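[1] Here's my sequence, what's the structure:
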Amino acid sequence: MPTEILMPALSPTMEDGTLSKWLVKEGDTVSAGDILAEIETDKATMEFEAVDEGVIGKILVEEGTEGVKVNAPIAVLLEEGESADDIEAPSTPTPDAPKEAEAVEGGDSEPPAPAAAAAATPTPAAPAASDGGRIFASPLARRIAKDKGLDLSAIKGSGPHGRIVKADVEGATAKPAAAPATEAPKPATEGAKPAMPAGMGAEQVAKMYEGRDYEEVKLDGMRRTVAARLTEAKQTIPHFYLRRDIRLDALLKFRSQLNKQLEGRGVKLSVNDFIIKACANALQAVPAANAVWAGDRMLRLKPSDVAVAVAVEGGLFTPVLKDAHQKSLSALSAEMKDLAARARDRKLAPHEYVGGTFAVSNLGMFGIDNFDAVINPPHGAILAVGAGVKKPVVGEDGELAVATVMSVTLSVDHRVIDGALGAELLQAIVDNLENPMVMLA
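    Numbers count the residues shown, from 1 in each chain. Next comes the predicted model:
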């Protein structure tokens, strides 16, 4: 039977995407591993490859279409002997259409057959037997299962990556389906009003600027995601802020010496490299702060996985430097340069910007003295880094001197880290940066 190719979830935060470009056309024969399309997620444009062989019978979503929901059919794959006449009209409801009734009218009628599984899977992630409701099975296994009345979701696949193959369904027998559970009707409230949207709508705002010259900027997936996640963060995370001034003179002198010695290897360390290393080491020194909020619990990580905010056109990425406490300054520097370059080209894979417990956001290179950063959930904290500027300070001997001082602000999730623990973490960061030699111990 024809198999629907579904819109894949190419990142953990992806709910819909843009089908940027088809690399196949109707009538093309494809094999497992062939690239079918380029799909723009909320973070990047990624290739989407086939896991089944067959013929592209029909393309359901034209290239350039935005807002295609994850698991929505985007094309139909035909197997040998099938033609376009075998394709049934897609039954997936449109966003504005009412949902299909769960119970079939007439007690003798059979319930609708399970939706066909996806015939393709994203790159680079490997497919699983079941992924977000999608079941991966070969066309032949699917046909045998239909003839025998088998429920594919109850069968464990023995093929590559858990895929259900012919041998898995040949010896299986059908089990009577359990009666669907009926949800108790919710009591209706007379005169209840729908929830008001958070903020003014587009038409309301536009009316305020009638007669003024402006350009309407359409939101892409990244900007929509940034807006949604940061709004959620400020509304749901109980932020509190800890501020410190850090003297950089010892670090700047040490950095200059190291860069001279590393010049022959083509390595040039930045102040940000030292900040990343200082934060990674501080999380090891204060392990209770190396944690994230997980809804009804906390997760405390053992490695120091530090995310770093990278500004890109239209938004930002937070690539994660995993095991940063175990890496040398030169290794961190090279990895950060690579991640930042690929972030600006939107070439990062999802596993490179997902995770971490802690983040660094540095606006010092733009001359910003200090600022408060918004925590990127589920992180427990983020360090906002300002510029290093020369300021008058009082020395240990009580005399006035001039020093290079950098202001930092630690934004903390109070659900994960209390005030005293946050202060201890920030003190560890300060100690590392004011005594940079200890970071090499």
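[2] Would you check how far apart residue 146 and residue 152 are?
    Noted for residue 146: a distance of 9 Å to residue 152, by CB to CB, to the nearest Å. For the C-beta atoms, the positions are set from N, CA and C on the backbone; glycine is no exception.
[3] So between those two, which is more surrounded?
    residue 152 (21 against 14; other CB atoms under 10 Å).
[4] Now the more buried one. Nearest residue, chain neighbours left out?
    Nearest in space to residue 152, with sequence neighbours left out and distances taken as CB to CB, 6 or more residues apart in numbering, is residue 135 at 4.9 Å.
[5] Run the chain-centre distance for the helix or strand containing residue 406.
    Of the helices and strands defined by DSSP states H and E, residue 406 is found in strand 400-413. Per CA atoms, centre = their mean, to the nearest Å, the displacement of strand 400-413 from the mean C-alpha position of its chain is 31 Å.
[6] buried sites along it?
    Buried residues in strand 400-413, counting neighbours by 16 or more other CB atoms under 10 Å, are found at 403, 404, 405, 406, 407, 408, 409, 410, 411, 412, 413.
[7] Likewise for stretch 300-320?
    Neighbour counts over stretch 300-320 (16+ other CB under 10 Å) mark 301, 303-310, 312, 315, 317-320 as buried.
[8] Roughly how far does residue 212 sit from residue 201?
    18 Å.
[9] And for residue 349?
    Separation of residue 349 from residue 201 (CB to CB) stands at 36 Å.
[10] Give the residue from the two that has the larger number of neighbours.
    Between residue 349 and residue 201, counted using other CB under 10 Å, the more crowded position is residue 349 (17 against 9).
[11] how far away is that one from residue 41?
    11 Å.
[12] Next: residue 402.
    Summarising the geometry, the distance separating residue 402 from residue 41, computed by CB to CB, is 49 Å.
[13] thought residue 230 was touching residue 375?
    No. In this structure, residue 230 is not within contact of residue 375 by CB atoms under 8 Å, at 9.3 Å.
[14] These two: who's more crowded?
    Neighbour tally, residue 230 and residue 375, criterion other CB under 10 Å: the higher count belongs to residue 375, 22 against 14.
[15] just to revisit the earlier point, direction included, what does the strand holding residue 406 pair against?
    Within its sheet, and counting by DSSP bridges, strand 400-413 is paired with strand 239-247 (antiparallel), strand 381-394 (antiparallel).
[16] Mean neighbour count, those strands: which tops it?
    Compared across these, strand 381-394 shows the largest average neighbour count, a mean of 18 (mean count of other CB atoms under 10 Å).
[17] what separates that one from the chain centre, distance-wise?
    What separates the centre of strand 381-394 from the centre of its chain is 31 Å, taken as CA atoms, centre = their mean.
[18] and what of stretch 265-283?
    In terms of CA atoms, centre = their mean, the centre of stretch 265-283 is set 25 Å apart from its chain centre.
[19] With stretch 317-326 instead?
    On the basis of CA atoms, centre = their mean, the separation between the geometric centre of stretch 317-326 and that of its chain is 15 Å.
[20] the domain parsing of the protein - what is it?
    With automatic domain parsing as the criterion, the domains of the chain are listed as 3-100+111-170, 235-440.
[21] returning to what we had before: can you check which of the strands paired with strand 400-413 gets nearest to residue 224?
    Of all the strands paired with strand 400-413, the one in closest proximity to residue 224, counting by CB to CB, is strand 381-394 (21.5 Å).
[22] Alpha carbons of the closest one, in CSV - could you do that?
    The C-alpha coordinates for strand 381-394 follow below in CSV (Å, rounded to 0.1, in the frame of the first residue of the first chain):
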residue,chain,number,x,y,z
ALA,A,381,21.8,29.8,35.6
ILE,A,382,23.4,32.1,33.0
LEU,A,383,26.3,34.5,33.4
ALA,A,384,26.0,37.9,31.7
VAL,A,385,29.5,39.3,30.9
GLY,A,386,30.2,43.0,30.4
ALA,A,387,33.2,44.8,29.0
GLY,A,388,36.5,45.0,30.9
VAL,A,389,37.2,48.7,31.6
LYS,A,390,39.9,50.5,33.5
LYS,A,391,38.5,51.8,36.9
PRO,A,392,40.0,53.3,40.1
VAL,A,393,40.2,50.6,42.8
VAL,A,394,41.5,50.5,46.3
